[in-house]
Structures are given as C-alpha cells and as structure tokens.
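Asker: Predicted model and sequence follow; I will ask about them next.
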Amino acid sequence: MAARRTRGSGSLFLAKNGLWTVALPLPSENGKRRRKMYRSRNREVVLARLREYERSRAGTDLPSPSSYPTGEGTTVGEWFDYWLSECVYPHLRPRTADGYKSIAAGRIVPALGKDTPLAAVRPADIRRMQRDIREKCSPTTVRNAHVVAARAFDAAVREEEIPRNPVRLVEQPRPARPQLDVPNSKDVRLLLDAFRTRPDGVKWMTYLLTGARRGEVVGLELDRVSDYVDISWQMQTLKRGENGRPIAPSDFEYRHLYGGFFLTRPKSKAGRRTVPLIEPLRSLMRHHIATTEPNQWGLVFTNKGRPIDPNIETRRWRQVQREVLGADRFVRLHDLRHAAVDLLYAADIPEHMIVELVGHSTRAMTRAYKSPAHLDRLKRAMSNVEGLFL
C-alpha cells in the first residue's frame, strides 16, 4: 500500500468519475479549509500540477499539525500545534519560529493545560499563566509568552475558533529594564590596545569599530571586505528538515556552508549595509587576510578552518572580557554594538547616518542603543550654547 501523503502537501487520486484529480491546499478563509482541484483523464497532466506545487515549496520542510481544528472542542494543545505549523513556520524566519515554538510548548501550553478547551480560556487563566511563568523565568520571558499567546489567540479569533481573544483583555507585562555594562571611552581605548596584540584581536575589534552583530562578523566573507565591509549576510545555525534544508518559508534566503551552518540575509533591508573600515582596524584586517590560511568557504574568521558557531562566540567573549576589563565587569558581546553607537554619537555623526551605519530600521531604535549622555558630551553641548553669548 502506498504511503499516505503528509496532510497539507496536496493529494492525487482517481475519482469515481474516472478522472485523475489533484487537490492542492489553499489558505483557510473564515476558519474553513479550502482546496483547489485539477482534473484530467491523463494522470501525467494532474501530476505535473502537483509537482509544480511541490517546487513552489522548494527549500522548505515545514512541520504539519497532527490534527486540524474542527471548530468544536478544539483544545489548547491542538490549536497551538496547528497555529505553529500553518501560521508561524510558513511565514516567519526559522529562528523566530523556533522561539515561538519553544515558548509555546515549554511555557504557554503547560500553563493553560494541553487538554483545556480553547473556548474555555478566560482572562483569569492568562493571569495565572503569567504568574506561573514569572515564578520560574525572567520578566522578559513572561512578556514574550504574553505576546506569543496573544498572536496565537488572534489567529483563533480570525478563524472563528473563539469569539474574542482573552489575552487582549489582560494587561501586557512590563518589560525588564536591564542595567547594561556598556564600555565607555576609557574602556574602548583599553580594549583597542588589547586587541592590537591578541591573535584574535582583529575579530573583536571588528565588532567594536563596525557595530556589526555577532552573526554578521563570524559570517563575513573575504570577497566582501576591502576598505569597506559589505554586511549583507549573517551566520546562523539552523535546524534542518528531512530534506536537509532549513525549516523555513520558501522565500527565505540562505546559503548552506557546512552541517547546520548557513549564511542568511539580515531580517530587514536596513540590515544590509556597507561600513567603511577605519584605523587601526583597516590595517589589522589587511594583515589578517594576507596571512591567514584560506578556507573552502571564503570566511574571514574561522575556528581552526571551520565556520564559527555564533553561540560559542558569545562564550569566548566572556573570557576575553574578563581578561581585559576584569572579572567584576559584565560586558556582553552585544554591548560592543551599543559602544559603537555611542562612539558615533560622540563623534557628532548625524543621526540619520548612524542609523544607516548600524543597520537599524528607525531612529528610535538607534536612540534606544545610545547610553545616557556622558558629562563630556553634555559639557560640549552647553559650551556651544555659551558661545552664542560671547
């Protein structure tokens, strides 16, 4: 007996009227499943339709829900399984979708109850969910769980599984206000001096003097470095489906390097940018490229000739930070990006250019990265005002 095709991947069968028929799934409308039917006496004609549909999904290996909502007695577990498979993975970037799945399966569904009827969830249940998560996790996780749950229940309202969204009736948890340890101008000088003499110093200096993100630095390629760095790809480790490709929408841009390592496009067009190299990074980068053993992927930075795992990069930075700034400091790797923004503001670079250099989509995002004004910057600003009266 032939294996049954995965639900949602289309079906091919011989109808009672003697016509070969292919049924292809369409997006649901008002909570109802829809299909597009093609019929022909020639099996190859409808089979070509099915193959065309499969090619349109090339590059994906999306999960399928174990069952589809019936509209009657759908449980919380069944709905989140369906929502992740049909609404999240086909449309969001892989790491984002994995994050949704992790918090839904690990926090939301257990807190609400897998077998609880979806329609029975009330605002009080959402508050209880928040309390349960707050006892074990950070305020950021509580807030993220609220956001993910709200989006899942929004979809349930649109597909007429429930009349209204109980999550929207509950106040969104307040965000955490972390105290960042961003390097100041004195720290930056200390770091630059240390990076000049470290074997891996050029890599850490790239973070500080370009404002690039973790994946953008470890994914930097030789042909994208000159007097500028072309930041248009980033390194990510992604889960692969049975077909060996990332579990991602069909329009997700990626290049496979090795194992689970992929180069992917930044999340937004603003993330693709060109940043001029400045001294001392420019000279150190040229020397590094000229003296480093080539690798088959054309990467600027490697781990013994292989791609660098971004997660391992974070752990390595902690050791570097302790050696250079001291064990009493906690400067995250991403805080070097904050420091780069501070340097640009301190140099009186126009804000619209800072936004472009660091790859933010809005000025508000860039301002959020800026540390509180330092006294020297405030003094310089007020001195300019003083000059108006002299």
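Answerer: Arrived safely, thanks for sending.

Asker: Distance from the chain centre to the longest helix along the chain, please.
Answerer: For the chain, the helix with the greatest residue count under DSSP state H is helix 139-158. Centre-to-centre, helix 139-158 and its host chain are 17 Å apart (Cα atoms, centre = their mean, to the nearest Å).

Asker: Which strands and helices lie in contact with it?
Answerer: helix 76-83, helix 94-103, helix 123-136 (3 or more Cβ pairs under 8 Å, 6 or more residues apart in numbering; DSSP states H and E). C-beta here means a position set from N, CA and C on the backbone, and glycine is covered the same way.

Asker: and residue 235, that one's in a strand?
Answerer: Yes: Residue 235: assigned to a strand according to DSSP: H, G, I helix; E, B strand; the rest coil.

Asker: Name the residues linked to it by a beta bridge.
Answerer: On the basis of DSSP bridges, residue 235 takes part in beta bridges with residue 263.

Asker: was I right about it contacting residue 311?
Answerer: No: counting by Cβ atoms under 8 Å, residue 311 is not a contact partner of residue 235; they are 10.7 Å apart.

Asker: The two: which is more packed in?
Answerer: residue 235 (24 against 9; other Cβ atoms under 10 Å).

Asker: What distance do you get for that one to residue 260?
Answerer: 11 Å (Cβ to Cβ, to the nearest Å).

Asker: beta partners of the residue nearest to residue 43 when sequence neighbours are not counted?
Answerer: Excluding the flanking residues, the one nearest residue 43 by Cβ to Cβ, 6 or more residues apart in numbering is residue 20, at 4.5 Å. Beta-bridge partners recorded for residue 20 (DSSP bridges): residue 14, residue 40.

Asker: so residue 20 touches residue 48, yeah?
Answerer: No: Residue 20 is not in contact with residue 48 according to Cβ under 8 Å; the separation is 11.1 Å.

Asker: Neighbour count: these two, which is higher?
Answerer: Each of residue 20 and residue 48 has its neighbours counted (other Cβ under 10 Å); residue 20 has more, 18 against 14.

Asker: Would you state the predicted confidence (pLDDT) at the more buried one?
Answerer: What the model reports as pLDDT for residue 20 is 88.

Asker: For residue 339, the count of nearby residues, please.
Answerer: For residue 339, the number of neighbouring residues by other Cβ under 10 Å comes to 25.

Asker: SS state for it?
Answerer: On the three-state scheme (three-state DSSP), residue 339 is labelled helix.

Asker: Quick check: it touching residue 183?
Answerer: Yes: between residue 339 and residue 183 a contact is recorded at 4.5 Å, counting by Cβ under 8 Å.
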